[in-house]
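J.: next input, structure requested:
(one chain, ligands or ions: 2)
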Amino acid sequence: LDSNSLPGAAVRELAGAIRDGSARALSRGLTWIEAGGERAEALIEMLYAESPRAGVAWTHIVGVTGTAGAGKSTLVAALAKEARRRGISVGVLAVDPSSPYSGGAILGDRVRMGDLSDDAGVFIRSMAARGELGGLCKAAAAGIDLMRAAGKQLVFVETVGVGQDEVDVMRVAHTTVVVNVPGLGDDVQTLKAGLFEIADIHVVNKADREGAGETMAQIRAMLALGMDFAGRWQPPVIASVAPRNEGVATLLDAIDSHASHLRDSGELQVRERRMAEWRVLKLAQAMVAETLRQPGDASGTLQAEFDRVARRELSPYVCAKKLLDRATAGS
Ligand SMILES: Nc1nc2c(ncn2[C@@H]2O[C@H](COP(=O)(O)OP(=O)(O)OP(=O)(O)O)[C@@H](O)[C@H]2O)c(=O)[nH]1
Ligand SMILES: [Mg+2]
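T.: Ligands and ions are numbered 1, 2, ... in the order given. Okay, here's the model as predicted:
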C-alpha cells in the first residue's frame, strides 16, 4: 500500500463506519471536526454529497436556544426520548462550551441513553469550538453533516444564546425553538437577547413556576404585533415542565408541524439555500481571516505598514485593502 494513500484510506474507512451507523465512528468523526484541519475537511467532503443512509429520507435540524439555565438540556433530553418513542432516530449536539452535557442536569439521562446499544438511535455529544471566530457555527454545521450521514432523522443543536456566534449557530437549523422561563422581571428575556425574532416555536419552560401564564401572554402579545402575513407560519407558544415531561409531546408535534409547513410552503428550499450561502460565506471569511493572521514571509513588511498606519501616514482602509489583496493573491 502506498503510504501517501493512508490518510485518504483512514478518512474513507471512518466515513464508511459513520454511514454504517457506528456510534464510536460518529464520535471519532466529531473529534476530528473539533480539531479542524484537512482531515476534518476531507471527511466532510467525502460525506457531504452522499445521499442519506438507506431508509432515512430526511434529517431535520432543530436549534434550541434561550435563557441560560432555562432547562434547554432537560427539554432536549425529554424531546429525544419522546422522539425515540415515536421510532425516530436522534442526534444531539450541545455547542456550548460553558455547559457541557456531561456536567449538567442531563447526566442521568445520558447514562440511561448510554445503556442503549451502539446503534440504538440516540447520540448525544457536546462540542467545544477552540475559540476561533465563527468556530461554533463551523463545528455545528460539520457536526450536523456527520449526524446526517449517520442517518439521524432528528438532530437537536443546543446553545445558550449569548453572543453573536451563539445566535448564529441557529442558522444551521430548519426549526428554531426559543426557550423562555417565567418570572425574570417584566420583559420577555429572549426579546432583549435578540432571540425572539428567530423563533419558529416559543417555549415557556418551568411552567410549574409562578408567572408562566403572564410570560405566555406577553409572548403572544408580541407575536400579535407581527402577525400580518396570511399563510405565514405563526409561531406557537408552548408551556412545558421538562423534568416532568409536560408539554414535551406537544412541542415535538409543533416541531413536526413546522417541518411540514416548510416542506408544503416551499420555504424549505429557501431556507436550505440560505443556510448553504451563509455557511460558505462564513467559511470563506474564516479562511481569509486565517490567511491574514498568518502573513508568513510578509510579516516584516506588514509590521512596517501597521507602523505607518499608527503614524497616520497610511489610512487603515488602504492598509486593510492591501492586506486583503496580498492574502488573496496567493490562492
Ligand atoms: N422547576 C423546574 N425546573 C426545571 C425545569 N426544567 C429544567 N429545570 C431545572 O433547571 C436547571 C437547569 O436545567 P438545564 O436543562 O441544565 O438548563 P439549560 O438551559 O440547558 O442550562 P444551560 O445550558 O446552562 O444554559 C436544572 O436544575 C433542571 O433540573 C422545569 O420545567 N421546572
Ligand atoms: Mg444546557
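J.: now do the helices in this protein.
T.: Along the chain, counting by DSSP state H, helices occupy 6-19, 23-35, 38-48, 72-85, 107-115, 135-149, 164-169, 189-192, 212-226, 248-265, 267-293, 299-310, 316-329.
J.: for ligand 2, find the nearest of those.
T.: Smallest distance to ligand 2 across the helices of the chain (C-beta to the ion): 3.3 Å, for helix 72-85. Glycine gets a C-beta too; all of them are placed from N, C-alpha and C.
J.: show me which residues of the stretch 201-331 of the chain sit near ligand 1.
T.: 205-206, 208-209, 241-243 (C-beta under 6 Å from any ligand atom).
J.: for ligand 1, what is the nearest residue in this protein?
T.: Residue nearest to ligand 1 within the chain: G71 (2.9 Å; C-beta to the nearest ligand atom).
J.: ok, that residue to A217 distance?
T.: Distance of G71 to A217, given as C-beta to C-beta, to the nearest Å: 20 Å.
J.: okay, the two: which has more neighbours?
T.: G71 (22 against 12; other C-beta atoms under 10 Å).
J.: mind listing what that one touches?
T.: 179, 181, 205-206, 240, 242-243 (C-beta atoms under 8 Å, 6 or more residues apart in numbering).
J.: any chance of the backbone angles for it?
T.: phi 100, psi 20 (degrees, to the nearest 10).
J.: what's the nearest residue to it if we skip its chain neighbours?
T.: Excluding its sequence neighbours, the residue lying closest to G71 (C-beta to C-beta, 6 or more residues apart in numbering) is N205, at 4.2 Å.
J.: ditto for L323
T.: Closest to L323 by C-beta to C-beta, 6+ apart is L292, at 5.8 Å.
J.: so who does that neighbour touch?
T.: The contact partners of L292, by C-beta under 8 Å, 6+ apart, come to 323-324, 327.
J.: now do A149
T.: With C-beta under 8 Å, 6+ apart, A149 has these contacts: 15, 18-19, 47, 50, 52-53.
J.: ok so, going back, quick check, nearest of the residues of the stretch 201-331 of the chain next to ligand 1 to R86?
T.: Lowest distance from R86 to those (C-beta to C-beta) belongs to A242, with 17.6 Å.
J.: would you confirm that that closest one contacts A78?
T.: Yes: in this structure, A242 is within contact of A78 by C-beta atoms under 8 Å, at 5.2 Å.
J.: spit out the residues that contact these two alike.
T.: Joint contacts of A242 and A78 (C-beta under 8 Å, 6+ apart) are V248.
J.: now do the contacts for V11.
T.: 39, 42-43, 46 are the contacts of V11 under C-beta under 8 Å, 6+ apart.
J.: same question but for L47, I mixed them up
T.: Per C-beta under 8 Å, 6+ apart, neighbours of L47: 15, 18-19, 145-146, 148-149.
J.: give me the spatial nearest neighbour of F123, chain neighbours excluded.
T.: Here the residue nearest F123, using C-beta to C-beta, 6+ apart, is G91, at 4.7 Å.
J.: where does the stretch 151-300 of the chain have low pLDDT?
T.: Applying pLDDT under 70 to the stretch 151-300 of the chain flags residues 161-163, 165-166, 184-188, 190, 192-193, 227-230, 294-300.
J.: what residues does the stretch 201-331 of the chain put near ligand 2?
T.: Within the stretch 201-331 of the chain, no position is adjacent to ligand 2 by C-beta under 5 Å from the ion.
J.: next, work out how far apart the residue of the stretch 201-331 of the chain found nearest ligand 2 and T74 are.
T.: Relative to ligand 2, the nearest point of the stretch 201-331 of the chain is A242 (10.9 Å; C-beta to the ion). As judged by C-beta to C-beta, A242 and T74 stand 4 Å apart.
J.: and these two? Which one has more around it.
T.: A242 (26 against 22).
J.: residues contacting the more buried one?
T.: Per C-beta under 8 Å, 6+ apart, neighbours of A242: 71, 74-75, 77-78, 205-206, 248.
J.: top of those residues by neighbour count?
T.: That'd be A77 among these, by other C-beta under 10 Å, with 29 neighbours.
J.: where in the stretch 1-150 of the chain is pLDDT low?
T.: Checking the stretch 1-150 of the chain against pLDDT under 70 turns up 1-6, 52, 54-55, 96-120, 129-134.
J.: go again with 50.
T.: Scanning the stretch 1-150 of the chain for pLDDT under 50 picks out 1-3, 99-119.
J.: what's around the nearest residue to H174 once chain neighbours are set aside, how many residues?
T.: Spatially, and ignoring its direct neighbours in sequence, H174 is nearest to I61 (4.9 Å; C-beta to C-beta, 6+ apart). Neighbourhood size, I61 [other C-beta under 10 Å]: 25.
J.: kind regards, and thank you for your time.
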